[in-house]
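>>> Mind folding the following:
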Amino acid sequence: MPRPRSIRLGVILPAAGTILLLYLLYIRSRIVVPDTNIPVREHFNDDEDPTVFEPPMASIRHSVIRGDDAAWTNDENTTWYSVGRHPNRGECWTYEDRFSAYKDPSPVMSAAISDNNNVNKSKRAVLLRMGSNQEWGEQFTLHARALVLEAGYLGKYDIVILTHLEMDDGAKATWMQRVPEELRPLVQTFTSKQVREWLPRSAKFKSIFDQNHLVVQMFMAQNPKYEFVYSVEADARLIGRWDVFLDDIDLEYAYHRKLKAPDQEMPAIPDLVTFESLRRPRDAWPWLEKECVEHFQGIENIRASLGIVWGWSRRMTDEMTRLNEKGINCYFEYFAPSTAYQQNLTTFFYQHPLYCPRTTPSSRNTMKKEQLGKNDPRSVQHEKVAVGCTYYFVNPHSQPFWEQWYHTPAACRPPALIHPVKGNFWN
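Predicted structure coming up:
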């Protein structure tokens, strides 16, 4: 009797092993690679990781803005209100959602960062602006990697880390060691002397702080391949992905362009993109300069906007340089908008969400439609539009909005452009 049993086992065991193997192969074949995985571009070897990275995604995929404009952000002590335009997208990000993809980059991911500008062949760029006080801590590094991989790798923009360094070569080399290795190929440095020497002699140079538009003008003059650039200050942040944000700007401008009046000339690319609505500064605004007010023929022709994140066309920067050649060089927050207004260029205000711990914004701008430039979109809200709160020149709201998010793992944030986020921890 034992013999039949052994025969049975001898047949069954190999068959069972074969069935198990086939089942495992079947299960493996059913594993679907997430459609958010981005394929390696042609400059990577075939035997490397088949993906560069999996772009981040919000874990909450619905709107968190209630009917009373309060946001369900899961903060412990603060209720945040949407005080302006509500987000385009119904989503809410935890800090982990936003930055975990960039904490430990693979060799292929690092190569994509370093090689971004060699691969894109782009006519557009993002200039990440900073100075010698940039510490390159962990949180800022996550922000920089996100910008390069989202706006650069996914969005096809060149990324330039444009850095103001007033130091000798030895100190500059020491500073460069702070920069994570994969980001160093993207760094370009400049000094005040270089800007001063580039500026037409007829124009007055005060400082990079007062006239930071000159750095963008010089960059465009020295890099003729670019038709458009964004400049982003180092203390600005984005909740949501950069590629999505920049695509939304393009799509919305194209929509407003379709609505233009018959006598308007709005180019395919706007000349100036602002993220705070245009305003006419008050007479006592301390940044006004007599010679500039005279050039623009009175304060009624002056236009200003917060200059933290701006988009610039080549036509815009060339026109500003022509004014420099005539001896005109003004404070940065009104030089570009006033030049665009005077020369009938197109300024596009991209209205984005703002959040406050109260139901009203910091203030409102009141530019009437008839006070806009001839070729500015008339369908964009400027009159009594919310300003301040989480995108402002000071940080009483932007800082806690960001820091509470970081310190409360369960907290989430709807899409937002934030400024400023200050402090060594974020630097």
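>>> Could you look up the SS state of Val385?
Classification of Val385 by DSSP: H, G, I helix; E, B strand; the rest coil places it in strand.
>>> residues near Lys156, how many?
Applying other C-beta atoms under 10 Å, we find 16 other residues in the vicinity of Lys156. No exception for glycine: its C-beta is placed from N, CA and C like everyone else's.
>>> same thing with Asn74?
Per other C-beta under 10 Å, the neighbour tally for Asn74 reads 16.
>>> Just list the residues touching the residue most central in space within the chain, thanks.
Per C-alpha atoms, centre = their mean, the C-alpha nearest to the average position across the chain is that of Trp242, at 5.5 Å. Residues near Trp242 by C-beta atoms under 8 Å, 6 or more residues apart in numbering: 126, 146-147, 150-151, 154-155.
>>> All the strands of the stretch 51-200 of the chain, residue numbers only.
With DSSP state E, counting those that start in this stretch as the criterion, the stretch 51-200 of the chain has strands at 81-82, 124-131, 158-164, 187-190.
>>> coming back round to it: which ones among the contacts of Trp242 lie within helices?
146-147 (DSSP state H).
>>> Which of the residues in stretch 289-301 are classified as buried?
Across stretch 289-301, burial judged by 16 or more other C-beta atoms under 10 Å covers 289, 292-293, 295-296.
>>> ugh, typo on my part, it should be stretch 127-138
Residues of stretch 127-138 classed as buried by neighbour count (16+ other C-beta under 10 Å): 127-130, 134, 136.
>>> which among the residues you listed gets closest to Pro55?
The closest of these to Pro55 turns out to be Leu128 (C-beta to C-beta; 19.1 Å).
>>> Tally up the residues packed near the residue nearest to that closest one when sequence neighbours are not counted, please.
Leaving aside its chain neighbours, Leu128 sits nearest to Ile161 (4.9 Å; criterion: C-beta to C-beta, 6 or more residues apart in numbering). By the criterion of other C-beta under 10 Å, Ile161 has 22 neighbours.
>>> Can you give me every residue that contacts Ile161?
Taking C-beta under 8 Å, 6+ apart, one finds 128, 130, 144, 179, 183, 186-188 in contact with Ile161.
>>> could these go into TSV alongside pLDDT and distance to Ser100?
TSV is the format used below for those (pLDDT from 0 to 100; distance: C-beta to C-beta, whole Å):
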residue	pLDDT	distance to Ser100
Leu128	99	21
Met130	98	24
Ala144	99	16
Val179	98	22
Leu183	99	19
Leu186	99	22
Val187	99	25
Gln188	98	29
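>>> Selecting buried members of the residues you listed in ChimeraX, what would you type?
Selection of buried members from these for ChimeraX, criterion 16+ other C-beta under 10 Å:
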select :128,130,144,179,183,186,187
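>>> Select, from the contacts of Ile161, the two members most distant in space.
The distance between the two most remote of the contacts of Ile161 (C-beta to C-beta) is 14.2 Å, for Ala144 and Gln188.
>>> Give me the distance between the nearest residue to Ser122 once chain neighbours are set aside and Thr346.
Nearest residue to Ser122, sequence neighbours excluded (C-beta to C-beta, 6+ apart): Asp158, at 4.8 Å. Separation of Asp158 from Thr346 (C-beta to C-beta, to the nearest Å): 23 Å.
>>> likewise His419?
The value you get for His419 to Thr346, if C-beta to C-beta is used, is 24 Å.
>>> worst-scoring helix or strand of this protein, pLDDT-wise?
helix 2-29 (a mean of 44; mean pLDDT, DSSP states H and E).
>>> Quick check on Lys258: phi, psi?
Phi and psi for Lys258, reported as degrees, to the nearest 10, are phi -70, psi -30.
>>> Just give me the neighbour total for it.
Neighbourhood size, Lys258 [other C-beta under 10 Å]: 9.
>>> now Val380
20.
>>> Contacts only, for it.
With contacts defined as C-beta under 8 Å, 6+ apart, Val380 is in contact with 256, 348-349, 351.
>>> Out of those residues, which sit inside helices?
Counting by DSSP H, those place His256 in helices.
>>> And the helices in the chain?
2-29, 95-99, 107-114, 116-119, 138-147, 169-176, 192-198, 213-222, 242-258, 290-295, 314-325, 332-342, 398-407.
>>> now the angle between helix 138-147 and the last one, please.
Yep, that's helix 398-407 we're talking about. Interaxial angle, helix 398-407 versus helix 138-147 (axes from the mean of the first three to the mean of the last three C-alpha atoms, to 10 degrees): 90 degrees.
>>> just checking, Glu252 touches His352?
No: judged on C-beta atoms under 8 Å, Glu252 makes no contact with His352 at a distance of 10.2 Å.
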